[in-house]
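Undergrad: any chance you can model this:
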Amino acid sequence: MQDSTRLFPAAAVGFTGQSLVSHAGTTVLTEFLDALGFGRLCEDRLGQFVPSGARHRPGRLIGSLAVMLAAGGEHSSDLDMLRTSPGLFGALPSNATLSRFFERTVANRELFGYGFETLTRELRTRVWDAAGARNPALRATAADPLIIDLDATLVTSHSDKENASGTYKGGYGFAPFTASIDYGTFHGTGEVLANLLRPGNAGANSADDHIRVFDTAVSQLPEAFFPEGRLDGQRILVRTDSAGASRKFLHYLHSRGVQFSVSYPVPAAKAHMIDWINDKQYWQPALDQDGTERTDAWVINATEVIALKDYPPGTNIYLRAEPLHPGAAPTLLDLDGHRVTAFLTNAPRWHGPFLDARHRARGRCENRIKTLKNTGLGKLPFYDFAANQAWANIAALASNLVAWLQLTALPDGHQAKTWDIKRWRYRLFATAGKIITRARRTQLLLPETAPERALITWMLEAIKGLRHAQPIPT
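TA: As a prediction, the model looks like this:
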C-alpha cells in the first residue's frame, strides 16, 4: 500500500527542558499591569485577604488570574499554562492557594467588593490620565457626553449553585447586570464599569436594579466627574433598552442631572395617528453610524403628538421608521411596510437623526457583554455566590485590560482598536517565545516572522513610555 500524501509536514514529537513559552504575547499585559503599579495598589486595597508573610500577595493572585482569563483560560486551574513558564510569569499560586483566597472573599464579601471597586477606580484614573487627549473624561461634554450602557444578560449554570435559579428563557443560572462605557466608533471597544451578579429569576426591568448598577458604575468614574464632590451628570448619558424606561429610574437619573436615551414601547396607535405616521413629509432621513443618510429610513420628534405622562421634565419621544426586516410580522403601525420604534431622551440636542444614530449604537454593548463572557463571566466556577461575584469582578478586569491597552497603547486609527478578544488571543497573545539568559539578563525571544511583530513592538514601547512618564512604585 502506498502512503497517502500528507497535508502538513511530518515532524517527530519530543519534549525538552528548554524555557519555551506558549503564551509569550501576553507579555504586553504583564508589562502593562506593572507599569500601572498594580502590585502596590492591590496590596493597599486587598492586602487583608492574604495572610501576612504569605509568599503570594494579592497582586500576584488577581493579576495572574486576569492575565489567564484575557489569554483564553476559563477556570483557575488553567493557570497551569502560565505556571510552566516561571521565567516570564514568575512563581504562580497553586490551586489550593487560590481556593483559600476565594474562601476569604466569601467570609468578607462587602469588604472585598469595596476594596476591588476602589482598586479598579484608581486603575481607571491612571489609565485615563495616560491616554492623554483620548482621555474619555476630557472628551465628555454636555453635547457629547460619556455614554454608559446598562444591560442585563443570562449565564447558564450547569450545576446547583447558590442563588442560581430558573430564567425567563427557560434556562437555569444567573442574570448579571452590567454597566459599560462606549468609547465611540474610532476610540476602541469600550470598558466595563460594573458587573453585578444576580439570581437567574431577577427581572430585567427592575428600576431598583437599574439604580443600583448605575450608582455602582458612576462610583467607578475618576474624580474629573465629581467637581466639588458632586456628580457632573450633564456630561454623562445613560443608554438602555426598553427595560430601563421605567418612570422611577428616569426620575432618579433626572434628580442626578444625568442625560438618558432609552428604548420605549410604541404606544397603541389611534386611527388619526396612523395617517400622520405614514406621511413621511414631516420626517427626517435617518443616519448611519458614519453620518451618511440611510435609504428609506426616517426619524421624527413626536413629543407633541404622543403625550408623555409623569416622565421627567424635558423628556422627548422620537420615532424611527424603517422597512420591515425579512420575516418580520407586520403590526398595526406597519401599514406602509415600515416598522416603527421609539426612544425617550432628555438630551439637550434636538437633531433627531443624530440622536437616533447615537441610540442605535447601543448594540455595541452586546459586544462588550460577549467579551465579558469570554473572559470569565460565561463560566462561574464556584458554589458560593460571593466567590462567583469576586470571579465576575476579575473577569471584568481581564476584559478591561485589553480595552485599556487599546485606549493608551495604540495610535488613533489603528485596526487593533476594533479587534474583539478572540482576535487578540489568536493574533497576539498566542505568540510563542523562548526565555534565554544572556549577559546575566533574562530575555524573551519572539519569532521574527510573528504576524503582529510590529504591533507587539509598538505596544511595548508605549508601555515603557507610560512607566517613564508616570513613575509609579511597584
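
Undergrad: going forward, measure contacts and count neighbours with C-alpha atoms only.
TA: Noted.

Undergrad: tell me the domain ranges of this protein?
TA: 20-111+381-469, 140-371 (automatic domain parsing).

Undergrad: can you add mean neighbour count and give those domains back as CSV?
TA: Putting the domains of the chain into CSV (neighbours: other Cα atoms under 10 Å) gives the following:
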stretch, mean neighbour count
domain 20-111+381-469, 18
domain 140-371, 18
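
Undergrad: in terms of mean pLDDT, which of these ranks lowest?
TA: In terms of mean pLDDT, the lowest-scoring of the domains of the chain is domain 140-371 (a mean of 88).

Undergrad: so what's the nearest residue to residue 160 once chain neighbours are set aside up against?
TA: Computed as Cα to Cα, 6 or more residues apart in numbering, the closest residue to residue 160 that is not its neighbour in sequence is residue 383, at 7.5 Å. By Cα atoms under 8 Å, 6 or more residues apart in numbering, the contact list for residue 383 reads 160, 161, 162.

Undergrad: and the residue nearest to residue 252 when sequence neighbours are not counted, backbone torsions?
TA: Leaving out its chain neighbours, the residue that sits closest to residue 252 by Cα to Cα, 6+ apart is residue 211, at 7.5 Å. Residue 211 adopts backbone torsions of phi -70, psi -40, taken as degrees, to the nearest 10.

Undergrad: the one 3 residues further on now?
TA: Dihedral angles of residue 214 (phi, psi; degrees, to the nearest 10) stand at phi -70, psi -50.

Undergrad: likewise residue 193?
TA: Main-chain dihedrals, residue 193, degrees, to the nearest 10: phi -100, psi -40.

Undergrad: separation between it and residue 218?
TA: Remark: distance between residue 193 and residue 218 (Cα to Cα, to the nearest Å) = 8 Å.

Undergrad: measure the closest residue to residue 314 other than its chain neighbours to residue 257 for me?
TA: Leaving aside its chain neighbours, residue 314 sits nearest to residue 346 (5.4 Å; criterion: Cα to Cα, 6+ apart). Between residue 346 and residue 257 the computed distance is 10 Å (Cα to Cα).

Undergrad: same deal with residue 375?
TA: From residue 375 to residue 257 the distance is 34 Å (Cα to Cα).

Undergrad: what of residue 89?
TA: From residue 89 to residue 257 the distance is 46 Å (Cα to Cα).

Undergrad: please identify the helix or strand for residue 44.
TA: Using DSSP states H and E, residue 44 falls within helix 38-46.

Undergrad: swap that for residue 127, sorry
TA: helix 109-130.

Undergrad: ok, now residue 221?
TA: Residue-wise, residue 221 maps onto no helix or strand under DSSP H and E.

Undergrad: please save the CA atoms from stretch 82-95 in PDB.
TA: Extracted in PDB, the C-alpha atoms of stretch 82-95 (Å, rounded to 0.1, in the frame of the first residue of the first chain):
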ATOM      1  CA  LEU A  82       1.300  30.000  32.800                       C
ATOM      2  CA  ARG A  83       2.900  28.100  35.600                       C
ATOM      3  CA  THR A  84       5.000  26.200  33.000                       C
ATOM      4  CA  SER A  85       6.800  29.500  32.200                       C
ATOM      5  CA  PRO A  86       8.100  30.900  35.500                       C
ATOM      6  CA  GLY A  87      10.800  32.900  33.600                       C
ATOM      7  CA  LEU A  88       8.000  35.100  32.200                       C
ATOM      8  CA  PHE A  89       5.200  34.900  34.700                       C
ATOM      9  CA  GLY A  90       7.100  34.100  37.900                       C
ATOM     10  CA  ALA A  91       6.100  31.600  40.600                       C
ATOM     11  CA  LEU A  92       2.300  31.500  40.400                       C
ATOM     12  CA  PRO A  93      -0.100  30.400  43.300                       C
ATOM     13  CA  SER A  94      -1.300  26.900  43.400                       C
ATOM     14  CA  ASN A  95      -5.000  25.900  43.000                       C
END
